[in-house]
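K.L.:
The following block contains a protein sequence and its predicted model.
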Amino acid sequence: MQTQLAPQFANTPEGIEAARILGKCVHCGFCTATCPTYQLLGDELDGPRGRIYLIKQMAEGQAPTEKTRLHLDRCLTCRNCESTCPSGVQYGNLVDIGRKWAEENTPVRPLAQRLTRWALKEGLTTPALFNSAMALGRLVRPLMPSSIQRKIPLTKNKALNQSTNPHARPNTAHARKMLILEGCVQPGMLPNINSASARVLDALKIQLISAPNASCCGALRYHLNDQAGGLDNAKQNIDAWWPLIESGVEAIVMTASGCGVMVKDYGHLLANDPAYATKAQKISELTKDIAEILPTLQDELIALIGSDQKPGVVYHPPCTLQHGQQIRGKVEGLLSSIGIGVRLCNDSHLCCGSAGTYSVTQPELSEQLRKNKLAHLNAACEESGAEVIVSGNIGCITHLQQEDTPVLHWIEIVDQLIHNPARAQ
């Protein structure tokens, strides 16, 4: 796809990158077949190919409209289209550029939208504020509608038969050390995920440490069009992690795949920043999802847990893992090696509708995708006999919560098997 950049974009890094990405698109339309919003709405402009045309028009100087912005807003950024595309179009990077251009060149959003987006950016990325709100929410949780209740999970999960304090972490020093990004909402919402990861790695003789001054990964701000704020978060993390990297930590572990895909992109996002480019690239290279770490320790894990048959699970692979990071099969392979049968549901490649803040900014589309996904997941549970659904991203986990079948992070199952095998689900 040939693009003649408008003068205002011709010599900018964004314009040059957009033209390069647009040049790879051959209009084949394979992407529309795997686009969740196109499947729901049937509008070409609500699929990747249509959105690419809208971005091309802006790149060539055509003024965007509020309709342009709406079609870009409706994109989940699930990047399923990238997995489907035979030409390697980096749609995720392109849509970020398109959203920025549309935001800068359309009328200011209605007040309600501006307030909602501000509250998401400030409230979710400020741990003290978010944790206080979550604690209050737990007190009044029984009075709230079910759609809100599932966003306020209980601290201890009955599905795990937890006897362990979800905040409890080992303090044993090991020669091998790895960093963890605690995340914005995960410590207040589901603290056991990071604690379980620390306990599992401790059992495998790896010390998991965190940097006190690390912040949000930046994804939330960046994808709400506060790209400068997202990059400030990235720089703050680099500054916080760098002394520990120089001291020899061997990896930065992500327990939320949504954060992982962002941090792995630091090298790209800060490539033109002379003060941070080299460090950002190193950070990206060191960043590993927990699903990449554990398979390298499979033999040691089998020695701890055994490979005898255990209750099975249905696995929901997050889009940020299978499409954003192009990591597939690792969770299934690891769990199978320790005797846990793993079942994928029909259309496991499609987004559940969580997509960061999408469930708030596009609630109707998000809820329809949730219902579709749960129908497939519950059918897979019924067919396989599994009583638990697992995933690898806090957004998916909270979005898919339901009364009958709990949704957990898969690392919690591994932790339970190591530390309380007789009661593990």
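P.N.:
Done, it's in.

K.L.:
Can you give me the buried ones in stretch 387-399?
P.N.:
Neighbour-count burial for stretch 387-399 flags Val388, Ile389, Val390, Ser391, Gly392, Asn393, Ile394, Gly395, Cys396, Ile397, Thr398, His399 (criterion: 16 or more other CB atoms under 10 Å). Yep, even glycine has a C-beta here, placed from its N, CA and C like the rest.

K.L.:
you'd agree the fifth one is up against Leu408?
P.N.:
No - under the criterion of CB atoms under 8 Å, Gly392 is not in contact with Leu408, lying 10.3 Å apart.

K.L.:
In the stretch 201-350 of the chain, mark out all the strands, start to finish.
P.N.:
Here the stretch 201-350 of the chain has its strands, by DSSP state E, counting those that start in this stretch, at 206-209, 252-254, 287-289, 310-315, 340-344.

K.L.:
Each with direction, which strands does the third one pair with?
P.N.:
Spelled out, that is strand 287-289. Paired strands of strand 287-289, with direction, are strand 252-254 (parallel) (DSSP bridges).

K.L.:
tell me the mean pLDDT for the strand it pairs with?
P.N.:
Strand 252-254 comes out with an average pLDDT of 97.

K.L.:
Kindly state the neighbouring-residue count (a burial measure) for Glu382.
P.N.:
A count of nearby residues for Glu382, using other CB atoms under 10 Å, gives 11.

K.L.:
Use 45 as the first number from now on
P.N.:
Will do, 45 is the new start, and the previous item becomes Glu426.

K.L.:
pLDDT weak spots in the protein?
P.N.:
The model of the chain has pLDDT under 70 over residues 187-191, 193-194, 199-208, 465-469.

K.L.:
let's go with 50 and repeat that
P.N.:
For the chain, residues meeting the criterion pLDDT under 50 lie at 467-469.

K.L.:
tell me the most buried of the strands of the stretch 245-394 of the chain?
P.N.:
strand 296-298 (a mean of 27; mean count of other CB atoms under 10 Å).

K.L.:
Tell me how far that strand lies from the chain's centre.
P.N.:
Offset of strand 296-298 from its chain centre (CA atoms, centre = their mean, to the nearest Å): 13 Å.

K.L.:
What of stretch 291-310?
P.N.:
11 Å.

K.L.:
Kindly check the end-to-end length of that stretch for me.
P.N.:
21 Å (CA to CA, to the nearest Å).

K.L.:
can you check stretch 287-302 too?
P.N.:
End-to-end distance for stretch 287-302, by CA to CA: 25 Å.

K.L.:
picking that back up, out of the strands of the stretch 245-394 of the chain, which is closest to Pro407?
P.N.:
strand 354-359 (25.3 Å; CB to CB).

K.L.:
Are there helices or strands packed against the closest one, and which ones?
P.N.:
Contact partners of strand 354-359 among helices and strands, from 3 or more CB pairs under 8 Å, 6 or more residues apart in numbering; DSSP states H and E: helix 374-381, strand 384-388, helix 407-428, strand 433-435, helix 454-463.

K.L.:
Direction included, what does that strand pair against?
P.N.:
Here strand 354-359 is paired, per DSSP bridges, with strand 384-388 (parallel), strand 433-435 (parallel).

K.L.:
orientation of the first one relative to helix 454-463 in degrees?
P.N.:
Spelled out, that is strand 384-388. Interaxial angle of strand 384-388 relative to helix 454-463 (axes from the mean of the first three to the mean of the last three CA atoms, to 10 degrees): 170 degrees.

K.L.:
after strand 384-388 comes which helix or strand?
P.N.:
Using DSSP states H and E, the helix or strand that follows strand 384-388 in sequence is helix 402-405.

K.L.:
Tell me the buried residues in that next one?
P.N.:
So for helix 402-405, counting by 16+ other CB under 10 Å, buried means Tyr402, Ser403, Thr405.

K.L.:
Can you list the buried residues in stretch 81-100?
P.N.:
Residues of stretch 81-100 classed as buried: 81-85, 89-100 (neighbour count, 16+ other CB under 10 Å).

K.L.:
How about stretch 177-184?
P.N.:
Residues Met178, Gly181 are the ones in stretch 177-184 that count as buried (16+ other CB under 10 Å).

K.L.:
re earlier: in JSON lines, list the strands of the stretch 245-394 of the chain along with distance to Lys111.
P.N.:
Output for the strands of the stretch 245-394 of the chain, formatted as JSON lines (distance: least, CB to CB, whole Å):
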{"stretch": "strand 250-253", "distance to Lys111": "47"}
{"stretch": "strand 296-298", "distance to Lys111": "36"}
{"stretch": "strand 331-333", "distance to Lys111": "37"}
{"stretch": "strand 354-359", "distance to Lys111": "38"}
{"stretch": "strand 384-388", "distance to Lys111": "37"}
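
K.L.:
Nearest approach to Tyr310 belongs to which of the ones you listed?
P.N.:
Counting by CB to CB, Tyr310 lies closest to strand 331-333 out of the strands of the stretch 245-394 of the chain; the figure is 8.0 Å.

K.L.:
residue ranges for the helices of the stretch 95-244 of the chain, please.
P.N.:
110-117, 124-128, 135-148, 155-167, 171-184, 190-193, 230-233, 236-247 (DSSP state H, counting those that start in this stretch).
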